[in-house]
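Asks: turn this into a model:
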Amino acid sequence: MKIESVEALLGCVGKRNQLLVKVVTECGIVGWGESGLSNREHAVIGAIQHFAGFLKGQDSRKIGRIWQELYRSHYFEGGRVITAAISAIDIALYDILAKSLQVPVYQLLGGKQREHIECFACCYTEADPDKFDDLVKEAKALVALGWTTIRVIPSRFDDPAFFEPQESITRTARCLNELRKVLGPDITLGIDYHHRLSVAETASFCQRLKPDTLDFIEEPIRHESPDAYKTLRTLTYIPFAIGEEFSSKWAAKPYIEQGLTQYLRVDVCNIGGLTEAMKVAGWAEAHYIDVMPHNPLGPVCTAATNHFAAALPNLGLMETHQGPFSEFGAHDPLLFPKQHVLTGNKFTIPEVPGLGVEVNEAAFRLATPVETEAPHLSKRDGSHTNW
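Replies: You can find the predicted model right below:
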């Protein structure tokens, strides 16, 4: 079970690049992992290449020890690039170990606690008064298909050049108040503000909403300052969903221990793989915080996230972009002939060894990556703002 090679593979699947890691053992078992640092994949590839040299010859079964070595083997430990690389390798090692034992990965995490993984739907029409009819049409179609939780995006979200927070919050609040009237009280409704607001702007937005409009607001501000979220927590009653940016247990610590989030958005492809994700989820359980996994990538990420979610006692809902209106194309069956299949709003984990994903490696190697860069957004005065 010694590691023979570690290789990063970058390819375009649908509209986005995917960075996979292939780990091969001397006995021929192949494990797959995926990195979550989108648009900075070349930086992660560099980290993986550094790691590959000293991983060769190591016992692939010593997953926890390898995690520590990857994290601690240089002076400037941690950071998103490093943990995105660690995440992919860690997931691949779980895939290898589970295959060698002929069990699904969730068995290595304590066994599954549920028979299926329920997901929330992503709505791709902006919550804007000018797009209200299209938004209602999309939301009603999702409800008719059995989705009970819907997450929307704010007004002005898709503008590739400009984002003015004040324009967005006023229009979004008006739209959401009306959308709640249409959907009624039984649908759980959330919004992802993609950390584009300040504390004051988030408070203003929340105060413009009627009391029963939103069930959660995701990532309204950036996470670097827990004190800022502590202030924001006093200014609104709406539950927060925070954590997809976290790159370690230490980043999650204040949000868990100080009650700064009500849903923890753990991303197994960024936080440090399944090893770190399980530690953080257990910590959240001790504080009665539900985990709402971030799952925006491809089939390897989806599979790893499903195994993670299956093993949790404190699972909320899982993100998916395999809903009926998604145009991401990240789960191309030609490139991934075996993968986890969404049925309605649920995943059932295949009872096969490993992650349950097969990669058409020859085809993936031909899926030439595209040069991508997230929008560099400005306010109308020319100053830069968050994407």
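Asks: His340 and Gly354 touch, don't they?
Replies: No: here His340 does not reach Gly354: they are 11.9 Å apart, not a contact under Cβ atoms under 8 Å. (C-beta placed from N, C-alpha, C; glycine too.)
Asks: what's the helix or strand for the residue nearest the centre of the chain?
Replies: Per Cα atoms, centre = their mean, the C-alpha nearest to the average position across the chain is that of His294, at 2.4 Å. Of the helices and strands defined by DSSP states H and E, none includes His294.
Asks: swap in Thr170?
Replies: helix 165-183.
Asks: other SSEs contacting that helix?
Replies: strand 117-127, helix 132-144, strand 149-154, strand 188-192, helix 199-207 (3 or more Cβ pairs under 8 Å, 6 or more residues apart in numbering; DSSP states H and E).
Asks: what packs against the third one?
Replies: Helices and strands touching strand 149-154, as assessed by 3+ Cβ pairs under 8 Å, 6+ apart, comprise strand 117-127, helix 132-144, helix 165-183, strand 188-192.
Asks: output these as JSON lines; include the columns mean neighbour count and distance to Leu214.
Replies: Formatted as JSON lines, those follow (neighbours: other Cβ atoms under 10 Å; distance: least, Cβ to Cβ, whole Å):
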{"stretch": "strand 117-127", "mean neighbour count": "23", "distance to Leu214": "11"}
{"stretch": "helix 132-144", "mean neighbour count": "16", "distance to Leu214": "14"}
{"stretch": "helix 165-183", "mean neighbour count": "19", "distance to Leu214": "7"}
{"stretch": "strand 188-192", "mean neighbour count": "22", "distance to Leu214": "6"}
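Asks: closest to Gly78 out of those?
Replies: strand 188-192 (25.7 Å; Cβ to Cβ).
Asks: wait, Gly298 sits on His340?
Replies: No: using Cβ under 8 Å, Gly298 makes no contact with His340, being 10.9 Å away.
Asks: for Lys346, give the beta-bridge partners.
Replies: Here Lys346 sits in beta bridges with Glu118, Thr343, as judged by DSSP bridges.
Asks: ok, now which ones touch it?
Replies: Contact analysis of Lys346 by Cβ atoms under 8 Å, 6 or more residues apart in numbering lists His116, Ile117, Glu118, Cys119.
Asks: surely the third one and Met318 touch.
Replies: Yes: Glu118 lies in contact with Met318 (Cβ under 8 Å); the separation is 7.2 Å.
Asks: still on that earlier bit, gap between the helix holding Thr170 and the chain center?
Replies: With Cα atoms, centre = their mean, to the nearest Å as the basis, helix 165-183 stands 25 Å off its chain's centre.
Asks: pull the residues that contact that helix.
Replies: With Cβ under 8 Å, 6+ apart as the criterion, helix 165-183 contacts 127-129, 131-132, 135-136, 139-140, 143, 150, 152, 154-157, 189, 191, 196-198, 201, 204-205, 208-210, 212-214, 385.
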